[in-house]
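Engineer: No letters, just coordinates:
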């Protein structure tokens, strides 16, 4: 199968999945609770106010019409209106998204770094104490709830040692502005990058300080599977002939392990990264809440507190779309990198 | 003084189920310039023996007894760094399958450069590449091909590359583990010729590990026959082929078809090699041996001098 | 029947099981360890009404927010509740939610999985598509959405979790069924005239059960973690029920005042319980699909 046909087939597959996803979320958000508007008001509310409320949000129309409006709206980038103040949810989503993105990227880096390094170490000392300890660590990290780990981190680093902040993303007023040339402002929303663009080392240092604990928490919580995967792949690869042959040529052990072993075992790790995206986002929700990190996850949890069901729906849809899109892109990249996957 | 001296070597594989002795009290020595053919079936322990000379027995295997002295170095006990320097520089190793023995993502030239610069860090990349080209030319490969990847070579060419890598640093000892098994007969003949020629011109000491007694007859001046981790017979090539003493050696000779003899029926050795996890008592070969008698089932035979060779068989033990 | 004889019988049946697990080497030990952990915690939870020194939901039984002491070995929280009692009884909710969600998953996932993959064709394709869509979605987010819409309560929590994990069961059953379906002895059974449903139940199902058990055990672990997470984001139960998840949630606010004991002990319990199930699940998977040893 050529790359082009694979891409087409993959896109064709994504479309029904997205439709299913959107429909599913719609059913959950509009049909399941009965009347989301009534659910929003804890105490009794008079029918007049209720009706006006529903009209504002388009919840008074028949369910089929609501469904079509919902789909059409999404095509235009409209994720609904908040029940709290009728503001467009998309606005909130797009302003909160960069924070989550930055957290996700950093957590991924830590996750891969910790996972791969520990996995390689475990494979090199097969069946030794360090091998078993690393494996135990990997399994246990799976059983620890992310938010508990975050709380422990806060306890140790922020409260007892006082060397790192306990929450938030940056000190008020220190938000990096990105590159400012006269009227033009180039901002990515990712504070690390923006502070570099701005050329401010203090802001860079500060952004990293706030970013460190949340990403470390999220990365460590998810690294377990990478430890196992790397260890397994390395154990297999290190048994292969060309590794023995390399050793027979007198090459240093470190060269053999990394240049011969890891180089060839790395592709499945890359694949697993793509598969972990969903877990990463789920973990981000909890991490953001723990560290008061102003991302999409915390926005979602806030909306729950306010019983803002339309906003919840919008955020959930956004999550789903992000996962679907990123999976699609990732699959295509892998197909490009490794022709065997296309078959 | 012998270049390589192996004394009562024991190599064991520890598995959850049992302890398998892949090499059981084997003693051998190699004089400089000689060629030894190490013959045996799959599982006889010959490859393990070869790997142990450079301490590369893969886990869960371990050298658990005996000594190996390589030009004065205690291979079994010396520090890791010392044995690492020996590999590639003093001992060249050729593996069976050249496709899986070369790093598929590295160019041929890079293989050479990496090895040369590991052992001689003062050599820069240019010079290392130059040497690589010289080596390849010597082996009949166009020097421009150092920029190619392993999969771009044919089987025979890849094996030449392997030989080139093994000899690039002018080792004293060359160990070839089934160098032609994965090649077709014509290429096999070429490679054997090449090995013979290199052996002469470079005055190599060669250990040729194989199950093909034909090529051993051509190249080796001494032959060691291994069975189930032990040496069954050890002697000069001519003598061994003319008058094999150990029943196993005899059976091996008989199983090679001779096109000059008409109407020959293919012979084979009945039975199968023993399960080393639960070896039979006495002589390991006795279940398959047509000459086995009582003592064979009880006592283990040891290598004894008989004429000019050594045999481990009770038939020749006049005690 | 005599109670002692009954109990004796259970023990007698247990012993061969234990010894057979021991023979399986490392995987067997792992399963035993996990099962031991889970059993101990379960016993502790069930026995909590008798072993708790104080009523876990009674407030002001001690000074507010006091650190561990001889009178209150695990300290008290901001409402003056005894943490030890809360730790003893906080697992009840976890177990209930986990068991309920696993039952729902089995009730929904197994029949759909069996039926769709056995029937094949359109049914299979559609079912796979639906299941894959759910599976690809971040589980917690979906659970949050459903739980938010359904409201608080043990049953609702269990249902939210169940929906998220049904696809896991579906997938494993499907992959097993597809393999077994093609095996010669199933074909042979067909040729001898066995009808569809008969093959399904007598041939395929027994072979699928080991994998289901393995998935279910890991599902328990996930259910517990998800239940804790749902509580953490505010979709848990009414405050009065003792619940480790709730302690973890509220305890966070108390960290700044240095009160580390409110979250540490319930948190450790959650980790232990999840670990117990995870060990069992991993051991079982290893047992049924052993990875290639050297």
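Structural biologist: That came in fine, so what should we check first? These numbers come from a predicted model, not from an experiment. Residues are numbered from 1 along each chain as shown, chains lettered A, B, ... in the order given.
Engineer: Where does the prediction get shaky in chain A?
Structural biologist: Filtered on pLDDT under 70, chain A yields the residue ranges A:1, A:34, A:42-43, A:172, A:182, A:337-343.
Engineer: what does it put close to chain B?
Structural biologist: A:126, A:239-242, A:244-253, A:255, A:260, A:263-264 (Cβ under 8 Å from any Cβ of the partner chain). (Each C-beta comes from the backbone N, C-alpha and C, glycine too.)
Engineer: Just the buried ones from the residues you listed?
Structural biologist: If you count burial by 16 or more other Cβ atoms under 10 Å in any protein chain shown, the buried members of the residues of chain A next to chain B come out as A:240, A:242, A:244-251, A:260, A:264.
Engineer: any chance of those in TSV, plus distance to residue B:307 and secondary structure?
Structural biologist: As requested, those are exported to TSV (distance: Cβ to Cβ, whole Å; DSSP: H, G, I helix; E, B strand; the rest coil):
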residue	distance to residue B:307	secondary structure
A:240	45	coil
A:242	44	helix
A:244	39	helix
A:245	40	helix
A:246	44	helix
A:247	41	helix
A:248	37	helix
A:249	41	coil
A:250	41	coil
A:251	45	coil
A:260	48	helix
A:264	52	helix
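Engineer: Just give me the closest of these to chain C.
Structural biologist: Nearest to chain C among those, counting by Cβ to the nearest Cβ, is residue A:240 at 12.7 Å.
Engineer: what about the closest residue to that closest one other than its chain neighbours, which helix or strand?
Structural biologist: Among residues not flanking residue A:240 along the chain, residue B:100 sits closest, at 6.5 Å (Cβ to Cβ, 6 or more residues apart in numbering or on different chains). Counting by DSSP states H and E, the element that carries residue B:100 is helix B:98-101.
Engineer: Does anything pack onto that helix? Which helices or strands?
Structural biologist: Applying 3 or more Cβ pairs under 8 Å, 6 or more residues apart in numbering or on different chains; DSSP states H and E, one finds that helix B:98-101 makes contact with helix A:241-248, helix B:155-167.
Engineer: Adding distance to residue C:35 as columns, could you present those helices in JSON lines?
Structural biologist: What follows is the helices and strands packed on helix B:98-101, written out as JSON lines (distance: least, Cβ to Cβ, whole Å):
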{"stretch": "helix A:241-248", "distance to residue C:35": "39"}
{"stretch": "helix B:155-167", "distance to residue C:35": "52"}
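Engineer: Would you map the strands across the stretch 151-300 of chain B?
Structural biologist: B:173-177, B:205-210, B:222-227, B:230-236 (DSSP state E, counting those that start in this stretch).
Engineer: An error on my part: the question was meant for the stretch 1-150 of chain B.
Structural biologist: B:4-14, B:19-30, B:35-39, B:61-70, B:73-74, B:91-94.
Engineer: So which residue is dead centre in chain C?
Structural biologist: Computing the C-alpha centroid of chain C and ranking residues by Cα atoms, centre = their mean puts residue C:220 first, at 1.2 Å.
Engineer: got the contact list for it?
Structural biologist: C:98-99, C:102, C:277, C:281 (Cβ atoms under 8 Å, 6 or more residues apart in numbering or on different chains).
Engineer: Identify the farthest-apart pair in those residues.
Structural biologist: With Cβ to Cβ as the measure, no two of the contacts of residue C:220 lie farther apart than C:99 and C:281, at 15.2 Å.
Engineer: Looking at these two, which has the bigger crowd around it?
Structural biologist: Neighbours per residue (other Cβ atoms under 10 Å in any protein chain shown) separate residue C:99 from residue C:281, with residue C:281 holding more: 23 against 13.
Engineer: Name the SS class of that one, please.
Structural biologist: Under DSSP: H, G, I helix; E, B strand; the rest coil, residue C:281 falls in the helix class.
Engineer: Can you give me every residue that contacts it?
Structural biologist: Contacts of residue C:281 by Cβ under 8 Å, 6+ apart are C:34, C:214-215, C:217-221.
Engineer: residues near residue C:87, how many?
Structural biologist: For residue C:87, using other Cβ under 10 Å, the count is 23.
Engineer: Which one, of the helices and strands packed on helix B:98-101, ends up nearest to residue B:111?
Structural biologist: When the helices and strands packed on helix B:98-101 are compared by Cβ to Cβ, helix B:155-167 sits nearest residue B:111, at 6.1 Å.
Engineer: Other residues contacting that closest one?
Structural biologist: So helix B:155-167 is contacted by A:245, A:249, B:88, B:92-95, B:98-99, B:101-102, B:108, B:111-112, B:115, B:132, B:135-136, B:138-141, B:150, B:153, B:174, B:176, B:179-180, B:182-184, B:187, B:190-191, B:194-195, B:198, B:202, B:204 (Cβ under 8 Å, 6+ apart).
Engineer: Could you tell me which of these belong to helices?
Structural biologist: Assigned to helices by DSSP state H, the following of the contacts of helix B:155-167 qualify: A:245, B:98-99, B:101, B:108, B:111-112, B:115, B:132, B:135-136, B:138, B:187, B:190-191, B:194-195, B:198, B:202.
Engineer: where does chain B dip in pLDDT?
Structural biologist: The model of chain B has pLDDT under 70 over residues B:1, B:258-259, B:261, B:263-264, B:319.
Engineer: next one: chain C
Structural biologist: The model of chain C has pLDDT under 70 over residues C:1-25, C:186, C:190, C:193-201, C:239, C:289-294.
Engineer: Recalculate using a threshold of 50.
Structural biologist: For chain C, residues meeting the criterion pLDDT under 50 lie at C:1, C:8, C:10-11, C:292-294.
Engineer: Please enumerate the strands of it.
Structural biologist: Read by DSSP state E, chain C holds no strands at all.
Engineer: Quick check: residues of the stretch 51-200 of chain B near chain C?
Structural biologist: Residues of the stretch 51-200 of chain B lying near chain C (Cβ under 8 Å from any Cβ): B:59-60.
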